[in-house]
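Asks: with the input below, show me the fold.
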Amino acid sequence: MMKSVSSATLILAFFLYLMGCSSSSDQAISDTGTPRPNIVLIFLDDAGYADFKPFSETRYPTPNVQKLAAEGRTFMNFYVPQAICSASRAALMTGTYPERNGLFGAHAPGQRGLDPEFVTMGEMLQKVGYTTGFFGKWHMGDHPETRPPERGFDESAGIMYSNDMWAGHPENPEYWGQFPMHYWKNAEVLIDSVTAEHQKQFTTWFTEESVDFINRNSGEPFFLYVPHPQPHVPLFVSDKFEGKSGVGLYGDVMMEIDWSVGEIINALEENDVRDNTIILFTSDNGPWLSYANHSGQTPYREGKGTSFDGGIRSPLIISYPDKLEKNSVSHNAFYSIDIMPTLAMLTGAALPEYEIDGKDVWDVMIGESGAKSPQKYYSFTNGTEFQGVMSGDGKWKLHVPHSYRTSPVGGRDGIPGIYQQDEIELSLFDMIHDPYEKVNVIADYPEIANELIRFAEEHKAKFFEW
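Replies: The predicted structure follows:
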């Protein structure tokens, strides 16, 4: 016989039910009152600005990247603050300059990496209910407390540093051979010593992990970070793409990365979450030019390891069907440090309590009428050396005097060429009319030069007076 239930009990039960619904809804709804967007961040390693058709004609097809551009916006003036692996990654993940977070250059195996006091994008999004996944190359720390499981990622698989830091290194195999490259799955070593055969499968493995992650987590907000180890040398491609481009190994690698982009898009579409997913596709820095036919292409001056635009200007496509105009192009400038605070605004996530360097640039991204950069200037560095500033709108770039490497003689088939050192004097470049940084116009625009010099002096005094 069913027991009678009092009105008070029914009211209490209904109240608790509503509370439960509210809790679930708070997790799925951003502060703007719309469903929290999923986020997919595809981050290539050493890809050139001109490696994909939205940015330049190529000798190999990249239909899926072109599809991504057709479904979103192509950004022609996107920058990273340092054109070296670890520094670029930490800047993206924390919204801070290398000179603030302390992660310069490229860290070697076993190094601690990014100080845990700096909040990563993964940790920020976890706090508002996102399930987070990392599949690829980490390169922000190789200690237990600095690997992905402890830095904001619920699921992870990949390598902890660059794929050339192993016994197959072309220049110093004896040294790098001291550090067997591990392949991690979450907090455990799945492969104790990576071989060339394993490396051939990296793009496939990280793509399969990404698709599986989307399939299992599409019912709630998720953040998927896919930093491919390719096309950083040494180049590797799976059998299914070997020789497919007809233009050499680099073209084969690009086609496999393009395939990976397509698989991820398909998974989003099949799970009916494509329209509410932000996809960002970019690279950590420009091409490693000394490797010649095993490096990417850029129309700009120099490449990776320099603070000219060939090093710090990266390709960027953002697709967000619900919010961004499709098949559009933007020439507005911003830096990778601005991605984290912009995503914080879009997801309702809280930024760290300490000062960060990035700003919310959503109005700049969408091309809002009259939108201006919230940044007065951006800084750029190489290693621990401060090398100059750019105006917040990207129209002017000031190099303070510094040396830089240049590669007049490229290598061949995975063997690097020869570097030389050169010098640049105090120089101002008009990036609208001279994006190739050829003509120093500092004498022609004294007011602009003086303002950027003042920004440079203030920045150097704040971060580099050790």
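
Asks: so who does His143 touch?
Replies: Applying C-beta atoms under 8 Å, 6 or more residues apart in numbering to His143 gives the contacts 110-113. No exception for glycine: its C-beta is placed from N, CA and C like everyone else's.

Asks: what's the closest of the residues you listed to Ser407?
Replies: Gln111 (26.4 Å; C-beta to C-beta).

Asks: pretty sure the closest one contacts His139?
Replies: No - between Gln111 and His139 there is no contact under C-beta atoms under 8 Å: 9.8 Å.

Asks: so between those two, which is more surrounded?
Replies: More crowded of Gln111 and His139, by other C-beta atoms under 10 Å: His139, with 30 against 17.

Asks: give me the phi and psi for the nearest residue to Val128 once chain neighbours are set aside.
Replies: Leaving aside its sequence neighbours, Val128 sits nearest to Ala349 (C-beta to C-beta, 6 or more residues apart in numbering; 4.7 Å). Dihedral pair for Ala349: phi -80, psi 150, per degrees, to the nearest 10.

Asks: now for Ala349: which residues touch it?
Replies: By C-beta under 8 Å, 6+ apart, the contact set of Ala349 is 124-125, 127-128, 343.

Asks: what about it, distance to Lys137?
Replies: Applying C-beta to C-beta, to the nearest Å, the value for Ala349 to Lys137 is 25 Å.

Asks: state the mean pLDDT of stretch 208-224.
Replies: For stretch 208-224, mean pLDDT rounds to 98.

Asks: and for it, what's in contact with it?
Replies: Residues contacting stretch 208-224 (C-beta under 8 Å, 6+ apart): 27-28, 35-41, 121-122, 125, 128-133, 135, 155, 157, 226, 260, 263-264, 266-268, 271-273, 347.

Asks: what about those residues, which are in helices?
Replies: Those of those mapping onto helices are 27-28, 121-122, 125, 260, 263-264, 266-268, 347, per DSSP state H.

Asks: and the two most separated of those?
Replies: Gln27 and Ser260 (29.5 Å).

Asks: mind checking which of those two has more residues around it?
Replies: Ser260 (22 against 13).

Asks: from Ser369, how far off is the nearest residue to that one once chain neighbours are set aside?
Replies: Distances taken as C-beta to C-beta, 6+ apart put Thr207 closest to Ser260, at 4.2 Å, once the chain neighbours are dropped. As judged by C-beta to C-beta, Thr207 and Ser369 stand 39 Å apart.

Asks: dihedrals phi and psi, the residue nearest to Ser260?
Replies: Torsion angles, degrees, to the nearest 10, at Thr207: phi -70, psi -50.

Asks: so who does it touch?
Replies: By C-beta under 8 Å, 6+ apart, the residues touching Thr207 are 226, 259-260, 263-264.

Asks: ok, now Asp142?
Replies: 107, 109-113, 160-161.

Asks: over to Asn327?
Replies: 69-71.

Asks: kindly write the PyMOL command that selects the buried subset of those.
Replies: Command for PyMOL, covering only those of the contacts of Asn327 found buried under the criterion 16 or more other C-beta atoms under 10 Å:
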select buried, resi 69+71
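
Asks: what's the domain layout of the chain?
Replies: Using automatic domain parsing, the domains assigned to the chain come out as 35-368, 380-463.

Asks: looking at those domains, which is buried most?
Replies: Of these, the one with the most neighbours on average (mean count of other C-beta atoms under 10 Å) is domain 35-368, at a mean of 21.

Asks: leaving out chain neighbours, which residue sits closest to Gly251?
Replies: Gly251 sits nearest to Ser245 (C-beta to C-beta, 6+ apart), 3.0 Å away.

Asks: wait, Pro374 touches Asp360, no?
Replies: Yes - Pro374 lies in contact with Asp360 (C-beta under 8 Å); the separation is 6.9 Å.

Asks: and the nearest residue to Phe334 once chain neighbours are set aside, what does it touch?
Replies: Here the nearest residue to Phe334 in space, its sequence neighbours aside, is Val361; by C-beta to C-beta, 6+ apart that works out to 4.6 Å. Val361 makes contact with 334, 338, 341-342, 373-375 under the criterion C-beta under 8 Å, 6+ apart.

Asks: hmm, try it at 10 Å
Replies: Counting by C-beta atoms under 10 Å, 6 or more residues apart in numbering, Val361 touches 332-335, 337-339, 341-342, 345, 371, 373-375, 392.

Asks: joint contacts of Gln111 and His139?
Replies: Taking C-beta under 10 Å, 6+ apart as the contact rule, Gln111 and His139 both touch 86, 103, 160-161.

Asks: can I get these in TSV including secondary structure, distance to Ser307 and pLDDT?
Replies: Below are the shared contacts of Gln111 and His139 laid out as TSV (DSSP: H, G, I helix; E, B strand; the rest coil; distance: C-beta to C-beta, whole Å; pLDDT from 0 to 100):
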residue	secondary structure	distance to Ser307	pLDDT
Ser86	helix	16	98
Leu103	coil	17	98
Met160	coil	26	98
Tyr161	coil	23	97
